[in-house]
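Engineer: Predicted structure and sequence below. I'll ask about it afterward.
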Amino acid sequence: MVTDKSGPSRIIQIKDGVVGPREPRLRSVKARKITDYPGVPGPYRQIAQSYSNPLIMGPPICDELMALVQHMYSEEEAAIVQHLRPPLPKRAASLAAAAHRAEEEVRAILKRLVDDRGLLFSTGEGDKARYGLLPVVPGAFEMVMLHTSKEALTDWHRRFAELFGALFDTGYLSDYNQHRAATVRYLPVQQAIEAHPMALPSDRLEEILDPYTSFAVGLCQCRLTAEINGHSCGRALENCVAYGDVTGFVLRTGRMRKAEKKEILEIKAEAEAVGLVSFAVDMGLGLSKTTGGASCSCCGCCCDSLRLISEFSLPAAVAPPHFLPRTDFSQCTYCARCAKACPMGAITVDPRGRSYQQQPRRCIGCGLCALACDQKHAIRMEPTPNYRPPAAGLFPVLTQTAPTYLRNVWSAWRKHRT
């Protein structure tokens with residue numbers, strides 16, 4: 001049974017006795033032109049334009065983006081970073097020439113922005129290393145806020161969290177969620193499918209982790225940001241996990257601590273016990289058996305990928321689930337425990353009117369509703385028809401996601417222009 005420790009829900013409301021989701025938040029971002037900021041130094045305006053590129057799911061030029069960019073970089077850093085154009089990275093020598101700075105000085109600044117701040121990414125080594133802009137999210141946000149303890153946060157990190165929160169709350173990501181192009185895949189809570197004959201290895205975290213020997217764990221960036229911004233659900237923070245070769249960078253830079261597989265599974269079990277659900281992302285897109293991936297334990301009230309569904313009603317951000325709840329109404333008492341447990345607000349129950357309604361497009365197939373129905377067992381998880389297992393390999397992933405991703409990019413580009 002799942003224990004609810006979330007406190008007052010930001011997702012679920014009880015109105016006239018009916019338990020269901022709150023009204024969706026509306027997109028509130030106010031797009032502006034770069035010429036609306038004549039007082040902002042040129043390098044910051046150029047960086048803001050780079051971050052607004054639809055190819056990296058950027059927000060339109062707006063007050064929130066401009067404030068975030070000016071906080072992210074010092075003037076010295078901005079003078080260099082302004083010459084980066086996503087999605088292609090550049091070598092330090094090229095950036096040094098463009099900025100009229102010594103290459104050694106530029107390389108030191110770039111290394112700091114990669115290793116210490118987490119604002120840029122790098123590929124290659126030595127003179128062949130290339131540096132590029134990470135998208136605001138997913139990318140820079142996660143790397144900036146990924147830590148092993150809250151004590152590691154500086155005033156700079158806290159202000160970043162505040163400014164990022166303001167940008168996210170505008171709902172600008174709705175521009176990229178008109179069509180489903182999702183690679184984030186949530187796993188069903190293991191208790192809900194433990195004896196189901198149709199469960200796949202890709203449904204079980206333990207089997208996903210089996211091929212790997214290196215593991216790391218850190219704090220959930222979303223709940224940490226929510227705590228800084230004063231609206232955390234209070235659930236545990238240390239359950240963001242990396243596995244495989246990708247642990248090298250986060251361990252080297254101190255963003256995560258080393259852990260063993262047994263501890264990882266215990267952390268995940270504790271997370272499920274308080275109503276958190278875990279995703280699994282293949283960082284290597286199937287190209288390498290050792291690259292590995294990441295898995296965080298999320299809530300619908302703090303975690304950004306789920307907030308797109310629970311607050312903005314944008315289900316395109318998450319891959320279709322393998323399992324969906326099926327309700328036996330001959331056993332249902334309309335107690336609404338399932339509706340209260342759902343992290344997505346996908347269920348509406350009227351106990352007095354004895355009505356029950358599901359919104360399948362909001363459902364991530366986590367099974368928390370089935371566990372909440374622990375007396376009558378009126379809900380069971382059943383596989384969805386024509387389910388397509390997660391793609392393994394770069395070409396299958398691109399085949400599945402590229403067409404709708406490009407449709408979203410085109411839609412966002414047109415909206416940003418108007």
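Structural biologist: Structure's in. What do you need?
Engineer: Now residue 382. Nearest residue, chain neighbours left out?
Structural biologist: residue 326 (4.7 Å; Cβ to Cβ, 6 or more residues apart in numbering). Glycine gets a C-beta too; all of them are placed from N, C-alpha and C.
Engineer: Name the SS class of the residue nearest the centre of the chain, please.
Structural biologist: In the chain, the centroid-proximal residue (Cα atoms, centre = their mean) is residue 305; its distance is 4.2 Å. Three-state assignment for residue 305 (DSSP: H, G, I helix; E, B strand; the rest coil): helix.
Engineer: doesn't residue 184 make contact with it?
Structural biologist: Yes: in terms of Cβ atoms under 8 Å, residue 305 counts as a neighbour of residue 184; the distance is 5.4 Å.
Engineer: Now do the contacts for residue 224.
Structural biologist: By Cβ atoms under 8 Å, 6 or more residues apart in numbering, the residues touching residue 224 are 145, 147, 150, 153, 161, 237.
Engineer: Now do the helix or strand hosting the fifth one: which elements does it pack against?
Structural biologist: Element membership of residue 161, judged by DSSP states H and E, is helix 155-168. Packed against helix 155-168, as judged by 3 or more Cβ pairs under 8 Å, 6 or more residues apart in numbering; DSSP states H and E, are the following elements: helix 63-72, helix 141-145, helix 221-228.
Engineer: Nearest to residue 251, out of those helices?
Structural biologist: With respect to residue 251, and counting by Cβ to Cβ, the nearest of the helices and strands packed on helix 155-168 is helix 141-145 at 13.9 Å.
Engineer: what's the domain layout of this structure?
Structural biologist: Domain assignment of the chain by automatic domain parsing yields the ranges 12-21+182-407, 40-175.
Engineer: what about the last one, how long is it end to end?
Structural biologist: By that I understand domain 40-175. Distance across domain 40-175, first residue to last, is 26 Å (Cα to Cα, to the nearest Å).
Engineer: gap between that domain and the chain center?
Structural biologist: 18 Å (Cα atoms, centre = their mean, to the nearest Å).
Engineer: Pipe the domains of the chain into TSV and attach distance to residue 28 and mean pLDDT per row.
Structural biologist: Putting the domains of the chain into TSV (distance: least, Cβ to Cβ, whole Å; pLDDT from 0 to 100) gives the following:
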stretch	distance to residue 28	mean pLDDT
domain 12-21+182-407	11	85
domain 40-175	5	95
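Engineer: For those domains, give me TSV that also has distance to residue 413.
Structural biologist: Below are the domains of the chain laid out as TSV (distance: least, Cβ to Cβ, whole Å):
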stretch	distance to residue 413
domain 12-21+182-407	10
domain 40-175	5
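Engineer: residue contacts, residue 254?
Structural biologist: Residue 254 touches 148, 152, counting by Cβ under 8 Å, 6+ apart.
Engineer: Check which helix or strand the most far-flung residue of the chain relative to its centre maps to.
Structural biologist: The centre of the chain is farthest from one residue, residue 330, which by Cα atoms, centre = their mean lies 38.1 Å away. Under the criterion of DSSP H and E, residue 330 resides outside all helices and strands.
Engineer: Kindly report the same for residue 280.
Structural biologist: Residue 280 belongs to strand 277-282, assigned by DSSP H and E.
Engineer: and that strand, which strands flank it?
Structural biologist: strand 185-186 (antiparallel), strand 293-295 (antiparallel), strand 297-298 (antiparallel) (DSSP bridges).
Engineer: Good, wrapping up.
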